[in-house]
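**Q** Give me the fold of what follows.
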Amino acid sequence: MGRLAKTDAIDARCLAAFGRVLKGDPRPLPDADARELEALLARRRQLVQMASMEKARLSAAPSRRVARDIESHLRWLESHLDGVDREVDGKIRSTPAWREKDDLLRGVPGIGPVLSRTLLAGLPELGRLGPGPLAALVGVAPMAAESGAWKGRRRIQGGRAAVRSALYMAALSAWRFNPALRAFGDRLEAAGKPPKVALIAVARKLLTIANAILREMKPWDPGRNATAPDPA
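**A** As a prediction, this is how the structure comes out:
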């Protein structure tokens, strides 16, 4: 824009111009309950990460004294993780709108409590966006890398890391226990897709299914939801 100086007033004018060009749809800020749920889930992820680190240290503990200390800390972490899980469950079940959505999502084979609640707290757009934009928002949409005659390998990038991580782990389960997604993943592998590429495609398909279920507010139906088109 040719503005080399930087002041608050210049920043404000540039942001206003940016908004006029993009003409984005305004979105309400999360309410206090949604922010608290997201904070509790973030704390849960921290506790899980700390427990994983302590388990790695336990396997390499140099003495029994150190091992006992690590085991004590692991019991403390597991106790607090149970407490956070109960608090998250209570918050979800006490809110009728969240409870209905949680029940619908958890009716899909492969979607458990962690993914369901991560989607509710970290992806309020679920059910309101198309499958392609939603996949890009989460960071499971393959992005083109091309220039002239050169065509690079498409890769996923960006997006909401916490949601993508929970979705990725759920896809591992969905590929095994959801017949529709198992057939989808197996078909991709049979076509020569690398396992990780196929797994990301399964995660994207699972997200598309969850999006359709909350858009329609109808329970999982293999005959209907399993044929939902996968975003390009």
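**Q** any idea how far Ser52 lies from Leu77?
**A** Distance from Ser52 to Leu77, counting by C-beta to C-beta, to the nearest Å: 10 Å. All C-beta atoms are positioned from the backbone trio N, CA, C, and that covers glycine.
**Q** what does Val197 give?
**A** From Val197 across to Leu77, the span is 34 Å (C-beta to C-beta).
**Q** Could you do Asp25 as well?
**A** 41 Å.
**Q** of the two, who's got more company?
**A** Neighbour tally, Asp25 and Leu77, criterion other C-beta atoms under 10 Å: the higher count belongs to Leu77, 20 against 6.
**Q** Distance from the helix or strand hosting that one to the middle of the chain?
**A** Counting by DSSP states H and E, the element that carries Leu77 is helix 64-93. In this view, helix 64-93 has its centroid 23 Å away from the chain centroid, taken as C-alpha atoms, centre = their mean, to the nearest Å.
**Q** Report all helices and strands that it contacts.
**A** Judged by 3 or more C-beta pairs under 8 Å, 6 or more residues apart in numbering; DSSP states H and E, helix 64-93 is in contact with helix 32-59, helix 96-106, helix 113-122.
**Q** want to throw those helices into TSV with mean neighbour count?
**A** Shown next, in TSV, are the helices and strands packed on helix 64-93 (neighbours: other C-beta atoms under 10 Å):
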stretch	mean neighbour count
helix 32-59	15
helix 96-106	16
helix 113-122	23
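**Q** how about those helices, which one is nearest Ala166?
**A** helix 113-122 (4.1 Å; C-beta to C-beta).
**Q** elements contacting the closest one?
**A** Helix 113-122 packs on helix 32-59, helix 64-93, helix 96-106, helix 161-177, going by 3+ C-beta pairs under 8 Å, 6+ apart.
**Q** Go through the ones you listed and name the closest to Ala210.
**A** Of all these, it is helix 96-106 that lies closest to Ala210, at 5.8 Å by C-beta to C-beta.
**Q** quick one: pLDDT of Ala97?
**A** On pLDDT, Ala97 comes in at 88.
**Q** same question, the one 10 residues further on
**A** Among the per-residue scores, Gly107 holds a pLDDT of 93.
**Q** Columns distance to Pro133 on top of the helices and strands packed on helix 113-122, output as TSV?
**A** Output for those, formatted as TSV (distance: least, C-beta to C-beta, whole Å):
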stretch	distance to Pro133
helix 32-59	21
helix 64-93	26
helix 96-106	19
helix 161-177	14
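**Q** Out of those helices, the one nearest Gly192 is which?
**A** For Gly192, the closest of these is helix 161-177, at 17.1 Å, according to C-beta to C-beta.
**Q** What's the first helix or strand after that closest one?
**A** helix 179-190.
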